[in-house]
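Trainee: pasted the sequence and its predicted model underneath.
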Amino acid sequence: MHTVIVAAAVLIEGNRVLLTQRKAGAHLAGSWEFPGGKVEPGEDPKAALARELAEEVGIVVRIGEIVDVTFHRYDDANKAVLLLFYEAERTTDSPAPHAVDVADLRWATADELQPADFPPADVAILAKVRHRLSCLV
């Protein structure tokens, strides 16, 4: 079983967090997730996350601290994922996010973070993100 390292962003603006939807044909197509992607061999995870956010949703970000780390085995895809969740913040000169290389995107409130909408690897962080959002209200 192959392990993939993925960096994902917890990008909060106002009292909402940015989510992206997996494209048709991808593993877990249609699921909502925290934006990000694979870390290439030898690539710094923070640099990978900044690159992925530019490629997928067209934004420029500063990557902050680690929020959480999770590991999940997808036996159906014969792979495992080590997910590194980072705080992220758009720079002042960043354009608004738009779906470039994702099926869709949306800003979600704490109440909209429903485990059934997410890949299993993302579910563990939902409580932390809900808590962060509730502290902003």
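Mentor: It's in.

Trainee: rest of the way, CA atoms for contacts and neighbours
Mentor: Fine.

Trainee: pull the contacting residues for residue 64.
Mentor: Listed by C-alpha atoms under 8 Å, 6 or more residues apart in numbering, the contact set of residue 64 reads 86, 87, 88, 89.

Trainee: so which of those residues are in strands?
Mentor: 86, 87, 88, 89 (DSSP state E).

Trainee: are any of those buried, and if so which?
Mentor: 86, 87, 88, 89 (16 or more other C-alpha atoms under 10 Å).

Trainee: distance check, residue 115 against residue 126.
Mentor: Residue 115 is 7 Å from residue 126, where distance means C-alpha to C-alpha, to the nearest Å.

Trainee: pull out the buried residues from the longest strand seen in the chain.
Mentor: Scanning the chain for the strand with the most residues, using DSSP E, yields strand 61-74. Using 16+ other C-alpha under 10 Å as the test for burial, strand 61-74 gives 61, 63, 66, 67, 68, 69, 71, 72, 73.

Trainee: I'd assumed residue 86 was in contact with the third one.
Mentor: Yes - with the criterion set as C-alpha atoms under 8 Å, residue 66 and residue 86 qualify as a contacting pair; they are 4.4 Å apart.

Trainee: okay, strands next: where are they in the chain?
Mentor: 2-13, 16-21, 32-33, 36-38, 61-74, 79-90, 104-108.

Trainee: what's the lengthiest helix in the chain packed up against?
Mentor: For the chain, the helix with the greatest residue count under DSSP state H is helix 45-57. Secondary-structure packing of helix 45-57 (3 or more C-alpha pairs under 8 Å, 6 or more residues apart in numbering; DSSP states H and E): strand 2-13, strand 36-38, strand 61-74.

Trainee: partner strands of the longest one and their direction?
Mentor: Strand 61-74 has the following strand partners under DSSP bridges: strand 79-90 (antiparallel).

Trainee: report the distance from the partner strand to the chain centre.
Mentor: 6 Å (C-alpha atoms, centre = their mean, to the nearest Å).
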